[in-house]
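Student: Have a look at this prediction, sequence included:
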Amino acid sequence: MTIRLSRQFSFGKHQRLERRLPPPVFFSPQNINLILTPAPLFSTDKCILMRVSIIFLSVVLLTVTTPSFSQEYDILLTDGKIIDGSGNSWFYGDVGIKDGKIVAIGKLSADKATTILNIKGLIIAPGFIDVHTHIEGNSLTVPTAGNFIHDGVTSVVTGNCGSSNGDLVRYFEQLDSVKTSINVATLIGHNTVRRIVMGDSQRDPSAEEQNSMEELVAKAMREGAVGFSTGLIYVPGTFSKTPEVIGLAKAAARYNGVYASHIRDEGDDVTSAIEEAINIGRQAKIPVEISHFKVTYKPNWGRSVNTLAQVEKARHEGIDVTVDQYPYVASSTTLNTVLPTWVFSGGNDSLMFRLKNPSIRKKITNEMVERLKEKKLKNFSYAVVARYGADTTLNGKNISDINTIKGRKPKAPEEAETILEMVENGSAQMVFFSMNEADLKNIMQYPYNMFASDAGIVRFGSGVPHPRAYGTNARVLGHYVRELKVITLEEAIRRMTSLPAQKFQLRDRGLIRESMAADIVVFDENLVGDLSTFDKPHVFSAGFRYVLVNGELVIENGNHTGTRSGAVLRGPGYRATK
Ligand SMILES: [Zn+2]
């Protein structure tokens, strides 16, 4: 006779699923614990004797009965259309999961499963890997990561654009103790290490400072970073020259890291900015990931044909260059990027000093207006406020509107003045409408492009974030795959799973294969889609029925279970030292 215990009884999770198991009839290890700890009813000697006998008896019983508790699969997904992440066509099959891993694929016996989920007609795919995120801010305070998990994302790479946590040992400990719903890997950021060593100075590092920065990168790699990131439009990274970055990239390369770059320019100078990233890959012998690949502002629209050719040429030369993209024509970053970078040299006090000096202030607004003209724009209406702490009633409004609200004339220099005022009052997070659809689709069709949100964990309902935080993957699968047929479903899944896993060396993820981690998404290909918009961003994506992270159900019937089964994914430098 086989006695089976339900998972509900023995491990206390996931009770609301279809089950074929009888109710619990026997005891579990937890019950034994209860037996082992009654209040002492006897004298000490007798009590000890009694306890020893109970322990002995229990161990015997446990040994005899344990095999019958253990099912072959904790969860069995049956009758799905499996898209395995390789890019191959879908096929019908069941997927068996045990102890956080995929253990079997094919026609599997339902009798051997604790929990059975019949997903007839739905797609089973590997959990999506978002290689370009910024989750430092909320990873410990909003560990359920709803915006990611409802979009099918089970793993993220954070620390992008040069900005990461500086103390990875501590950050990983915090993540390990809080436990997030998603797996987390991180890069070590250039701006982070530069600021530690040199503050916000606008100059080259001394040899000693260069060494210190390289040592910080190397240390982070040993601690588990998956690579090194730059944000070369941001302070202080923007003050660096290429040799500095090559030195730091070499430090990451020693530990098999990746170099991920927010390049120096995505507009007029995009070609030389890409060339710099490629050259860093060439010199430092490191794989390159060009972040949020795009061409911005109207005079540059159409240039994606050339920039992709540039990437392809580097690949032919043998440099491992790949790119990522968010599927929206608006970008999102701080309002500070509208000002010339020299304004930020030396940190906040220097910034405030410059803004208070009328002649320097005039010079700044002149440069801003000049740059606007170069972009062939008449005003700053392309810039929309996502979050302005000093006055939240301005969230969602563009700079031209705000300028009018402030009672200024609708002219570019006046709008520049409005921007400076906002920077003085703590600055704002912005959305910039600067790309076009043809480039976006062209980049989407590039086989070595992956999809990435460039977002953080969003506190539901708070602020006006870029909709990519909620809908990146669903938008690709719904809008671009199903509606516009820009790429196939299998190809989209490959770019969301095995391609990022390969690039960032997440060796046991990104494919539906035996022995891989059971990070899995189950979705309806006819319903999947993004619902988050620029006006109303706080809406989860539709169509994801189940999401499993390390074999545990985080989304069940479309709802977050509260389960936080994500793990820290430490990189190759850490693994090599273990
Ligand atoms: Zn960036």
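Tutor: Right, received. Where do you want to start?
Student: Let me see the contact set for residue 203.
Tutor: Neighbour list for residue 203: residue 239 [criterion: CB atoms under 8 Å, 6 or more residues apart in numbering]. For glycine as for every other residue, the C-beta is placed from the backbone atoms N, C-alpha and C.
Student: Can you dump the C-alpha atoms of the longest strand anywhere in the chain in PDB for me?
Tutor: The strand spanning the most residues in the chain, taking DSSP state E as the definition, is strand 73-82. The C-alpha coordinates for strand 73-82 follow below in PDB (Å, rounded to 0.1, in the frame of the first residue of the first chain):
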ATOM      1  CA  TYR A  73       7.100  15.600  -8.600                       C
ATOM      2  CA  ASP A  74       6.200  18.400  -6.300                       C
ATOM      3  CA  ILE A  75       4.300  20.100  -9.200                       C
ATOM      4  CA  LEU A  76       3.300  18.600 -12.500                       C
ATOM      5  CA  LEU A  77       2.300  20.900 -15.300                       C
ATOM      6  CA  THR A  78       0.200  18.900 -17.800                       C
ATOM      7  CA  ASP A  79      -0.700  19.300 -21.400                       C
ATOM      8  CA  GLY A  80       1.000  22.500 -22.100                       C
ATOM      9  CA  LYS A  81       2.600  23.800 -25.300                       C
ATOM     10  CA  ILE A  82       6.200  23.900 -24.300                       C
END
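Student: Quick check: what element follows it along the chain?
Tutor: Downstream of strand 73-82, the next assigned helix or strand under DSSP states H and E is strand 91-98.
Student: Check which residues of that following strand are buried.
Tutor: Neighbour-count burial for strand 91-98 flags 93-98 (criterion: 16 or more other CB atoms under 10 Å).
Student: Export those as a markdown table, with columns for pLDDT and distance to residue 428.
Tutor: Shown next, in a markdown table, are the buried residues of strand 91-98 (pLDDT from 0 to 100; distance: CB to CB, whole Å):
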| residue | pLDDT | distance to residue 428 |
| --- | --- | --- |
| 93 | 97 | 49 |
| 94 | 97 | 50 |
| 95 | 98 | 45 |
| 96 | 98 | 50 |
| 97 | 98 | 45 |
| 98 | 98 | 49 |
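Student: closest to residue 360 among these?
Tutor: Ranked by distance to residue 360 (CB to CB), the buried residues of strand 91-98 are led by residue 97 at 61.8 Å.
Student: Contact partners for that closest one?
Tutor: By CB under 8 Å, 6+ apart, the neighbours of residue 97 are 73-77, 103, 518, 520, 548, 551.
Student: does it have beta-bridge partners, and which?
Tutor: Beta-bridge partners recorded for residue 97 (DSSP bridges): residue 75, residue 102.
Student: Give me the contacts around the longest strand of the chain.
Tutor: Outside of strand 73-82, the residues within contact range by CB under 8 Å, 6+ apart are 7, 14, 90-99, 103-105, 108, 110, 112-125, 512, 518, 520, 522, 525, 546, 548, 551, 553.
Student: Sort out which of those are buried, if you could.
Tutor: Buried by 16+ other CB under 10 Å: 7, 14, 90, 93-98, 103-105, 108, 113-117, 119, 122-125, 512, 518, 520, 522, 525, 546, 548, 551, 553, out of those.
Student: and this structure, which residues reach the ion?
Tutor: For the chain, the contact set with the ion under CB under 5 Å from the ion comprises 161, 262.
Student: So which residue is dead centre in the chain?
Tutor: Per CA atoms, centre = their mean, the C-alpha nearest to the average position across the chain is that of residue 156, at 3.2 Å.
Student: Residue 124 belongs to a helix?
Tutor: No. The assignment for residue 124 by DSSP: H, G, I helix; E, B strand; the rest coil gives strand, which leaves it out of any helix.
Student: separation between the closest residue to it other than its chain neighbours and residue 521?
Tutor: The shortest distance from residue 124 to any non-neighbouring residue, by CB to CB, 6 or more residues apart in numbering, is to residue 80 (3.8 Å). From residue 80 over to residue 521 the distance is 11 Å, taken as CB to CB, to the nearest Å.
Student: now do residue 456
Tutor: Look at residue 456 and residue 521: by CB to CB, they are 21 Å apart.
Student: Give the residue from the two that has the larger number of neighbours.
Tutor: Shown here are residue 456 and residue 521; by other CB atoms under 10 Å, residue 521 has more neighbours (30 against 21).
Student: so that one makes contact with residue 549?
Tutor: No. Residue 521 is not in contact with residue 549 according to CB atoms under 8 Å; the separation is 9.9 Å.
Student: Need the overlap of contacts for these two.
Tutor: Joint contacts of residue 521 and residue 549 (CB under 8 Å, 6+ apart) are 127, 154.
Student: now stretch 526-544: mean pLDDT?
Tutor: Mean pLDDT, computed over stretch 526-544, is 94.
Student: swap in stretch 239-248?
Tutor: For stretch 239-248, the mean per-residue pLDDT is 98.
Student: just stretch 313-326 next, same as before
Tutor: For stretch 313-326, mean pLDDT rounds to 98.
Student: buried sites along it?
Tutor: Those would be 314, 319-326, for stretch 313-326 by 16+ other CB under 10 Å.
Student: Report how many residues lie close to residue 465.
Tutor: With other CB under 10 Å as criterion, residue 465 counts 22.
Student: let me redo that: residue 279
Tutor: Residues within reach of residue 279, counting by other CB under 10 Å, total 17.
Student: What helices and strands are in contact with the host helix or strand of it?
Tutor: Following DSSP H and E, one finds residue 279 within helix 270-284. Under the contact definition 3 or more CB pairs under 8 Å, 6 or more residues apart in numbering; DSSP states H and E, helix 270-284 sits against helix 242-253, strand 258-262, strand 288-290, helix 304-317, strand 321-325.
Student: Would you mind giving these as CSV with distance to residue 398 added?
Tutor: What follows is the helices and strands packed on helix 270-284, written out as CSV (distance: least, CB to CB, whole Å):
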stretch, distance to residue 398
helix 242-253, 34
strand 258-262, 24
strand 288-290, 29
helix 304-317, 25
strand 321-325, 24
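Student: distance of residue 559 from the ion?
Tutor: To the ion, residue 559 is 32 Å away according to CB to the ion, to the nearest Å.
Student: ditto for residue 520
Tutor: 29 Å.
Student: So what sits opposite the residue nearest to that residue when sequence neighbours are not counted in the bridge?
Tutor: Leaving aside its sequence neighbours, residue 520 sits nearest to residue 548 (CB to CB, 6+ apart; 4.4 Å). Beta-bridge pairing of residue 548 under DSSP bridges involves residue 520, residue 553.
Student: show me the contacts for residue 548.
Tutor: Counted by CB under 8 Å, 6+ apart, residue 548 has contacts 75, 97, 127, 154, 518-521, 554.
Student: Residue 181 looks like it's in a strand, true?
Tutor: No. Applying three-state DSSP, one finds residue 181 to be coil, outside a strand.
Student: sec struct for the residue nearest to the centre of the chain, please.
Tutor: strand.
Student: That one bridge partners, please.
Tutor: residue 130, residue 184.
Student: That one reaches residue 147, doesn't it?
Tutor: No. Residue 156 lies out of contact with residue 147 (CB under 8 Å); the separation is 10.9 Å.
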